[in-house]
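Colleague: I'll drop the sequence and a predicted model, then ask my questions.
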Amino acid sequence: MPLDLDFVRSQFPAFSEPSLKGQAFFENAGGSYACKQVIDRLTRFYRARKVQPYGPYDASRLGGEEMDEARRRMAAMLNVDTDEVSFGPSTTQNTYVLAHAFGEYLAPGDAIIVTDQDHEANSGPWRRLAERGVEIREWKLDPETGHLPLDGLRALLDDRVKLVCFPHCSNIVAEINPVAEIAALAHEAGAVICVDGVSYAPHGFPDVEELGADIYLFSAYKTYGPHQGVMVIRRALGEKLPNQAHFFNADTLYKRFTPAGPDHAQVAAAAGMADYVDALYAHHGGAGASATARAKAVHDKMRGHEIALAQPLLDYLAEKNSVRLLGPREAENRAPTIAAVLEEPGAAVAAKLAPLGIMAGGGSFYGLRCLEAQGVDPAHGALRVSFVHYTSEAEVAKLIEALDATI
């Protein structure tokens, strides 16, 4: 059964919002629309549960139960234990806390591998550990294609490497990196991996166990949810790293790397993401599967729809002599986050598209190292158009028509 786009769009209040009528949203990599299940849970929490949770009275007890439900259901979809899921204010903040923990854990002379394909959130905090005597090794992308070659990683791995940090897919190049293969290489060398999944998770929640990731990070506000960072830390690693929270929370895995108190309402609302996945699964004829299997089925359906829509757009851009398309030209090898370098700065082109009903972005997208490594001036930047499974074929056609009139 193909993806029922009418049903999908009915789950997102933005598509019935009068102020957004006639606008085609192509900046989903910066943040997606929220599904109604998340909005409803967030509204209910603020109306009826906005008290300190986990107390003996009903409003407090129910608030705590909703927060626990969110963690439990997110963990089940990601195929990890419930207490291996932590919520924090953002992925950037979560990464900084993790980097601080590794800074205390590693010894001078230990090495970390980072890439020049990453968003700065999964590069900068790790690079700063050089100030503590940690050696930083850079896994470099191919400047022509943006691809991260596995031979480049192999050349950097040895027994001094303790951590390998890389994106599931870049927010600019968008090629889907082979996480499981990278994990196997790193683990064989005695290292653990930290995967930035921010640009991948909006296209379907991953099976973290299957990927072999020791740390997996993504942003709920890009997966149709509230503004929270979701962080998976597998138990073997999480119990080994130094506690970053209050001393009395050291025995609770999901509290060890969230030193600030959680945003109760937004954590509770995150269960709405699982509600949405389950609604999609059931609507398309699914029944009787585990949460992990339901998430995988929905992931595959989302990806199928996105690939079909992305290929004509990639073909259109690849044929333009005035356009340099960054990343793969084959839709099945990438996320539908499409960055192109044009004669005009990316931000200027995005501004020209806005009156034509196209909501897109232009700039460096916190990927200055990624652009520079491909010979692109970050000040000039790229035009980025990004979509997800709720995007329609008609909207892609409207985008191509607007690009024709603009570039």
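Modeller: Nice, thanks for sending it over.

Colleague: and Phe87, that's in a strand?
Modeller: Yes. Remark: Phe87 belongs to a strand, assigned using DSSP: H, G, I helix; E, B strand; the rest coil.

Colleague: beta partners for it?
Modeller: Going by DSSP bridges, Phe87 is paired in beta bridges with Val230.

Colleague: renumber starting at 887 from here on
Modeller: Happy to do that; since the first residue is 887 now, the last one works out to Phe973.

Colleague: pretty sure it contacts Gly1115?
Modeller: Yes. Assessed by Cβ atoms under 8 Å, Phe973 is found in contact with Gly1115 at 7.1 Å. Heads up, the C-betas are built off the backbone N, CA and C, glycines and all.

Colleague: tell me where the stretch 1037-1186 of the chain has helices.
Modeller: Taking DSSP state H, counting those that start in this stretch, the helices of the stretch 1037-1186 of the chain run over residues 1065-1074, 1094-1097, 1121-1124, 1150-1155, 1157-1169, 1177-1204.

Colleague: and of those helices, who's closest to Gly1111?
Modeller: Of all the helices of the stretch 1037-1186 of the chain, helix 1157-1169 sits nearest to Gly1111, with 4.5 Å by Cβ to Cβ.

Colleague: give the buried residues for the closest one.
Modeller: Going by neighbour count (16 or more other Cβ atoms under 10 Å), the buried part of helix 1157-1169 is 1157-1167.

Colleague: ditto for stretch 1130-1138
Modeller: Buried residues in stretch 1130-1138, counted by 16+ other Cβ under 10 Å: 1130-1131.

Colleague: could you tell me the end-to-end distance of it?
Modeller: 11 Å (Cα to Cα, to the nearest Å).

Colleague: contacts for that stretch, please.
Modeller: Taking Cβ atoms under 8 Å, 6 or more residues apart in numbering as the criterion, the residues outside stretch 1130-1138 that touch it are 969, 983, 986-987, 1129, 1141-1145.

Colleague: quick one: average pLDDT of that stretch?
Modeller: What stretch 1130-1138 shows for mean pLDDT is 96.

Colleague: and the helices of the stretch 1037-1186 of the chain as JSON lines, adding mean pLDDT and distance to Gly1019?
Modeller: Shown next, in JSON lines, are the helices of the stretch 1037-1186 of the chain (pLDDT from 0 to 100; distance: least, Cβ to Cβ, whole Å):
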{"stretch": "helix 1065-1074", "mean pLDDT": "98", "distance to Gly1019": "21"}
{"stretch": "helix 1094-1097", "mean pLDDT": "98", "distance to Gly1019": "31"}
{"stretch": "helix 1121-1124", "mean pLDDT": "98", "distance to Gly1019": "21"}
{"stretch": "helix 1150-1155", "mean pLDDT": "98", "distance to Gly1019": "36"}
{"stretch": "helix 1157-1169", "mean pLDDT": "98", "distance to Gly1019": "40"}
{"stretch": "helix 1177-1204", "mean pLDDT": "98", "distance to Gly1019": "41"}
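
Colleague: ok, back up a step: dump the buried residues of helix 1157-1169 to CSV, plus distance to Ser946.
Modeller: Listed next are those as CSV, based on distance: Cβ to Cβ, whole Å:
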residue, distance to Ser946
Ala1157, 17
Gly1158, 21
Met1159, 24
Ala1160, 23
Asp1161, 23
Tyr1162, 27
Val1163, 28
Asp1164, 27
Ala1165, 29
Leu1166, 32
Tyr1167, 32
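
Colleague: picking up where we left off before, out of the helices of the stretch 1037-1186 of the chain, which is the most enclosed?
Modeller: helix 1150-1155 (a mean of 24; mean count of other Cβ atoms under 10 Å).

Colleague: ok, residues contacting that one?
Modeller: 924-925, 927-928, 931-932, 935-936, 939, 949, 952-953, 955-957, 973, 1106, 1111-1114.

Colleague: repeat for stretch 932-941
Modeller: 943, 945-950, 952-953, 1150-1151, 1154.

Colleague: quick one: it to chain centroid distance?
Modeller: For stretch 932-941, the separation from the chain centroid amounts to 29 Å (computed by Cα atoms, centre = their mean, to the nearest Å).

Colleague: one more: stretch 959-969?
Modeller: 17 Å.

Colleague: now stretch 1280-1292
Modeller: On Cα atoms, centre = their mean, the centre of stretch 1280-1292 falls 26 Å from the chain's centre.

Colleague: just the buried residues of that stretch, please?
Modeller: If you call a residue buried by 16+ other Cβ under 10 Å, then stretch 1280-1292 has these buried ones: 1281-1282, 1284-1285, 1288-1289, 1292.

Colleague: now it - C-alpha only, CSV.
Modeller: The C-alpha trace of stretch 1280-1292 is given here as CSV (Å, rounded to 0.1, in the frame of the first residue of the first chain):
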residue,chain,number,x,y,z
ALA,A,1280,2.7,19.0,-6.5
GLU,A,1281,4.9,20.9,-4.1
VAL,A,1282,8.0,19.5,-5.7
ALA,A,1283,6.7,20.5,-9.1
LYS,A,1284,6.0,24.0,-7.7
LEU,A,1285,9.6,24.2,-6.4
ILE,A,1286,11.0,23.2,-9.8
GLU,A,1287,8.8,25.9,-11.5
ALA,A,1288,10.0,28.5,-9.0
LEU,A,1289,13.6,27.5,-9.5
ASP,A,1290,13.2,27.9,-13.2
ALA,A,1291,12.0,31.4,-12.7
THR,A,1292,14.8,32.2,-10.3
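
Colleague: so what touches it?
Modeller: In contact with stretch 1280-1292 (Cβ under 8 Å, 6+ apart) are residues 910-912, 1195, 1198-1199, 1202-1203, 1235, 1238-1239, 1242-1244, 1246, 1271, 1273.

Colleague: by neighbour count, which of the contacts of stretch 932-941 wins?
Modeller: When neighbours are taken as other Cβ atoms under 10 Å, the top entry among the contacts of stretch 932-941 is Ala1154 (30 neighbours).
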